[in-house]
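**Student:** Test case, fold it:
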Amino acid sequence: APSRSLDMFDEIVMADERYHGEGYQEGYAEGSHAGAVEGRRYGSLHGAKIGSEIGCYLGFALTWHCLLQKCTDEKNSKKMRALDSLIGMLQKFPYEDPTYDKLQEDLEKIRGKFKQVCSMLNIQSDFRIGTERSSLTF
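**Tutor:** Okay, the predicted model is just below:
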């Protein structure tokens, strides 16, 4: 009977390893799913904030471009060039590519250009963005 007790011992050791393996796989699958759900939620929220900010800048720039078109003096042509530059940056921004590696860098350049344009137009820019609303105050 010594071999019989050895078999039982093996079964107990193997069962422990098997349960450990199954538990790990179940935990890993559950963790992966929870991580994907959380990641998707965060990505949607972050993407919506950036989209809202970019949309606000574009609406602002296109409106001022329209307003300044009527005047053609030298001072205004500088403002128009700055606005054209901002509009170009906004139109080139790759909305449809979530893996774009220079997204943060380009966003900072756009924010800088927006501040420069506001300064040229003598507008106090205070752009705050929240999850509920975005506001541009003058």
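**Student:** Can you tell me how far L107 is from L62?
**Tutor:** 19 Å (C-beta to C-beta, to the nearest Å). Every residue, glycine included, has its C-beta placed from N, CA and C.
**Student:** Can you verify D101 is assigned to a helix?
**Tutor:** No: secondary structure of D101 (DSSP: H, G, I helix; E, B strand; the rest coil): coil, not part of a helix.
**Student:** Now do the strands in this structure.
**Tutor:** For the chain, the strands defined by DSSP state E cover 126-129, 134-137.
**Student:** Mean pLDDT lowest where, among those?
**Tutor:** Ranked by mean pLDDT, the strands of the chain bottom out at strand 134-137, with a mean of 50.
**Student:** can you map out the helices along this structure?
**Tutor:** 2-68, 74-92, 103-120 (DSSP state H).
**Student:** Now mean neighbour count too, for the ones you listed, in CSV please.
**Tutor:** As requested, the helices of the chain are arranged in CSV below (neighbours: other C-beta atoms under 10 Å):
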stretch, mean neighbour count
helix 2-68, 12
helix 74-92, 15
helix 103-120, 15
